[in-house]
Every structure is written in structure tokens, then in C-alpha cells.
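>>> mind looking at a prediction? Sequence and model below.
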Amino acid sequence: MQWEIVIGIETHAQLSTQSKIFSGSSTAYGAQPNTQANAVDLALPGVLPVLNKGAVERAIKLGLSVGAKINSPSIFARKNYFYPDLPKGYQISQFELPVVEGGHITIQVNDTEKSVRLTRAHLEEDAGKSLHEDFHGMSGIDLNRAGTPLLEIVTEPDMRSSAEAVAYAKKLHSLVRWIGICDGNMQEGSFRCDANVSVRAKGSDILGTRCEIKNLNSFRFLEKAIDFEARRQIEILEDGGTIRQETRLYDANKDETRTMRSKEDANDYRYFPDPDLLPLEISDNWINQLKDTLPELPEARRSRYISDFGLSDYDAAVLTGSREIADFFEETSAQLPNQAKLCANWVMGEISGRLNKEAIEITACPINPVHLAALLTRINDGTVSGKAAKTVFECMWNGELEQNVDAIIDAKGLKQISDDGAIEKLVDEVLAANAQQVEDYRNGKQKAFNSLVGQVMKATKGKANPAQVNTMLKNKLDS
């Protein structure tokens, strides 16, 4: 039997507010345990939550960015369950009326474009953290994260492979960073994915029993966890067994998922409206004000790069993978009119390659757009060849000569020979010294031409303009 994988993703994005969603405690990462939890976070008797306006604004921005409906009123609810790191014995979340409803995110896998529907995005508070590693036979509780504002973004079960799931997660990760609502730091837990995975017979429209894989904090783990879980379920079904609905964890060391607990349904949490929080009213005026603060979104910028700059779909998609890279490209190309492709090639090639090699973000790049544009100008006007430009780039990256392009070119003797007379003299000398290769070329052997070009370039130590050498040689040989 052929099987189809069905995947939905729930993502917890920590919102970039400086204080928690219902208290004034700091959300800064890395503090000593239990130093950023006040009376509200600890749920001491008599305390009341006060909603953080900034968290609401960030949720609205996400909704506007994905074409969703912004609900007003929006209701906060109590999600009841017991766990040691949940001080109140319930989590303040949203159920029936989330702040964001619907919307979609477009992904591309290979050459196929697909729209992933969003069910909802709702505000909630994070729980604390259980600490197991530093205790012998005991667990500790750190409540610094308790009350940290989260936006839980839930998709419909629209994805059919781990590749689609990863493409979606990456697109969402880029978007929340692009609009400035989440720093996206997966190592610190700012962006965490839960994957709901089921399988069904190909052609069936009935969903299989799903298992939820919790807290996947890297795109690689998301892919591997889904692939393992799908194989596990298929093997069970093909052996005549049934899938049990449950929550599972992914063990990266063993590359497998394992049971965490039986999966709860919504009625198990006994949701009811939180009596301490009034319905959240969101006016059209407030929504319009926030809409005006949004940057140009990735899809719009991608389309503009294709239409205005003549870039390919691939180039435009890579350059809009992050707002920082897109801004770097635009600042560079703004200084070189009609050279967008040259700028794109260097941003995607030399710049991105070096950033990846040194594991740094483009915000820490030692070569800024002004420096890069100065180098590309010298390629464009024929002062240096593309090969020599890479030597200049290396010097600039290392901070030589205060990253002055012209000073580096002069100091390293990299200036390209573009004088027609000088090149013609060298070409004539090479032709005179290689009569056999001239004859071979005229008898149809293309390799002879390449050899002649190489000898001219060798005579100039690679400094002659290759295009001029090629043109001049061809003209003389064909005359």
C-alpha cells in the first residue's frame, strides 16, 4: 500500500517585548534561575494579570502579514493542567476567539509553490522550566520563563513531506524576524515547533491518528523527527497495528521519537474565559496604525526584485530570505545603477559564503554595502578582473588599508590592463610565436584558441582584460 504523510505545525514564537505578557518582569535571556519572576509570575494570592499592549501589537502585525482576520473582541482563557513549572495550575491562553484567525504562508519546494493555510495565532504565556541536569535524584524549577509572551501559530494539516514542513518553518521564521516581532533564536527557545504527524492511504481523504512531536528547536531536527515518525507509523499500520494518539519527544542522539504522554484533547484542558481579563477590543484605527508601521513584506520585495531589477525567481528568493540580507543587497545596488545582477551575485556568493564559513550574521559583516559597491564599481569599469577582485575582497575582509579599494588595488598591483595598444602588441607576439596553434584553430580546433588566450593572460600575469583579449584574438585569427 502507498502511504501519504499529513503534517500540521504548531509554532511558539517568543514575542520581542522587554517585559512579560501579564507582568513587568524582564524577558531577558540567561539570568540566574528565579531572578526574573515577580509575584504575578509566581501566582501569589491576590495578584492580577495586566495585559502587555506590545504583545498584542506584535500578534496583530503577524496577522496583517499573512492576510488573516484580526478578531475583536478576542478572549483570554484558562487552560487547566498540572505540571511543576506551571505556578498557577493553569496557563492563560486563548481558545474560542484568538487574536488572529486564518491567513496563509506560501512556500516553495523545488519548483513547486504551495500555500499553507493557517488556522489561528493566539497569545499565551509560557511556563517555567524544569531543570534535571544539575541535580542528583531531584529536579529544579526555574520560573524565569513563566509569563514570557508567546504567539502560538497553528497550521492546517496541509503539508505532505518533511521538506514542505521545513520550508514552512523557515518561511515563518524569516517572517517573524522580518517584521520584528520575534528574534527567532532557536537555541534560546525563542522559536520552537511542534509537528503533528499522521499517515493515511494515498487517495484517502480521512485523516489518520496523529502524534505530536514536541519542542523541535532546529530545522534539521524537525525534518529528521518527521521522517522517523512517518516511518514508525507506516510500519505499525503495515503490521496490522493501530496508531495511538500521543505526544512524543525526538531524541537527536538516537534519531528516534519516543512516547512522552498520551495526547490530550481540548476538552481535557477544561478551557473557560479568564475572569481576571476583560475581552480584548481591537479597533480598526489601531489595526490601520500598525499596518502603516509594517516594512515591505518579503513576497512584495521578491516580486519587485524580479520586475524592477530583472533578477531570477531563485535570486530574488535567496535575497529576501532575511530582511538584513535584502537590505544589504539594496544598499549595495543603489550605488550601482543597472548592475543589480552583479550585486546579487556577490551578496549571494562571496558575502554569504564567507558569513557561513565564519558562522556570523550579515549584521556583523566587516564589509559594508558602501565598501562592496566600491569594489564592484572597479569590476564594472574594468579596473580589476573578477579574479583579482576576490583578492581585493579578501584584503577588505581582513581590514587592510582601511578597506580602501583603490589603495588595495594599487598596493597589490592588481590593476587590469585594458589598453588596446598594449594588449594588441602581446596578442601579436603570441600569434607569431605559435604558428602551429594558429593553424590548428583555423582547422577547427577550439582548444587551440583557449591555449592562445591562456598564453596572453600568462604574459600579463593575469592582468589583461579577458574580454578584450578574446575579442582581439578572434578578430585577428578570423581575418
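That came through fine.
>>> just the helices in the stretch 201-350 of the chain please.
Under the criterion DSSP state H, counting those that start in this stretch, the stretch 201-350 of the chain contains helices at 219-238, 284-293, 298-309, 313-319, 323-333, 340-346.
>>> which positions in the strand or helix carrying residue 430 come out as buried?
Take DSSP states H and E as the rule and residue 430 turns out to sit in helix 420-433. Neighbour counts over helix 420-433 (16 or more other CB atoms under 10 Å) mark 423, 426-427, 430-431 as buried. C-beta here means a position set from N, CA and C on the backbone, and glycine is covered the same way.
>>> counting by contacts, list what that helix packs against.
If you count contacts as 3 or more CB pairs under 8 Å, 6 or more residues apart in numbering; DSSP states H and E, helix 420-433 packs onto helix 446-459, helix 466-478.
>>> partner strands of the longest strand seen in the chain and their direction?
Looking across the chain with DSSP state E, the single longest strand is strand 112-125. Strand pairing for strand 112-125, using DSSP bridges, gives strand 100-101 (antiparallel), strand 104-109 (antiparallel), strand 149-155 (antiparallel).
>>> ok, residue 277 to residue 50 distance?
Relative to residue 50, residue 277 is positioned 9 Å away (CB to CB, to the nearest Å).
>>> who has more neighbours, those two?
Between residue 277 and residue 50, counting by other CB atoms under 10 Å, residue 277 is the more crowded of the two (17 against 13).
>>> surely that one touches residue 92?
Yes: counting by CB atoms under 8 Å, residue 277 touches residue 92, with 7.2 Å between them.
>>> where do the contact lists of the two overlap?
Residues within reach of residue 277 and of residue 92 at once, by CB atoms under 8 Å, 6 or more residues apart in numbering, are 49, 76.
>>> okay, now residue 164: neighbour count?
Neighbour count of residue 164, defined by other CB under 10 Å: 21.
>>> do the same with residue 2
Neighbour number of residue 2 under other CB under 10 Å is 7.
>>> please apply the same query to residue 117.
Neighbour count of residue 117, defined by other CB under 10 Å: 14.
>>> find the nearest non-adjacent residue to it, please.
Excluding its sequence neighbours, the residue lying closest to residue 117 (CB to CB, 6 or more residues apart in numbering) is residue 156, at 4.2 Å.
>>> who's in contact with the one you found?
Here residue 156 is in contact with 8, 116-119 (CB under 8 Å, 6+ apart).
>>> okay if I get those residues as JSON lines plus pLDDT and distance to residue 329?
Output for the contacts of residue 156, formatted as JSON lines (pLDDT from 0 to 100; distance: CB to CB, whole Å):
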{"residue": "8", "pLDDT": "98", "distance to residue 329": "34"}
{"residue": "116", "pLDDT": "98", "distance to residue 329": "26"}
{"residue": "117", "pLDDT": "98", "distance to residue 329": "31"}
{"residue": "118", "pLDDT": "98", "distance to residue 329": "29"}
{"residue": "119", "pLDDT": "98", "distance to residue 329": "34"}
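>>> of those, buried ones?
Using 16+ other CB under 10 Å, the buried ones in those are 8, 116, 118-119.
>>> first-to-last residue distance for stretch 336-355?
One end of stretch 336-355 to the other measures 23 Å (CA to CA, to the nearest Å).
>>> what's in contact with it?
With CB under 8 Å, 6+ apart as the criterion, stretch 336-355 contacts 305, 309-311, 315, 318-319, 325, 328-329, 332-333, 361-362, 365, 367, 372-373, 375-377, 379-380, 390, 393, 397.
>>> off-centre distance for it?
19 Å (CA atoms, centre = their mean, to the nearest Å).
>>> avg pLDDT for that stretch?
Stretch 336-355 shows a mean pLDDT of 96.
>>> offset the numbering so it begins at 342, please.
Got it, first residue is 342 now, which makes that one stretch 677-696.
>>> which parts of it are buried?
Going by neighbour count (16+ other CB under 10 Å), the buried part of stretch 677-696 is 677, 680-681, 683-685, 687-689, 691-693, 695-696.
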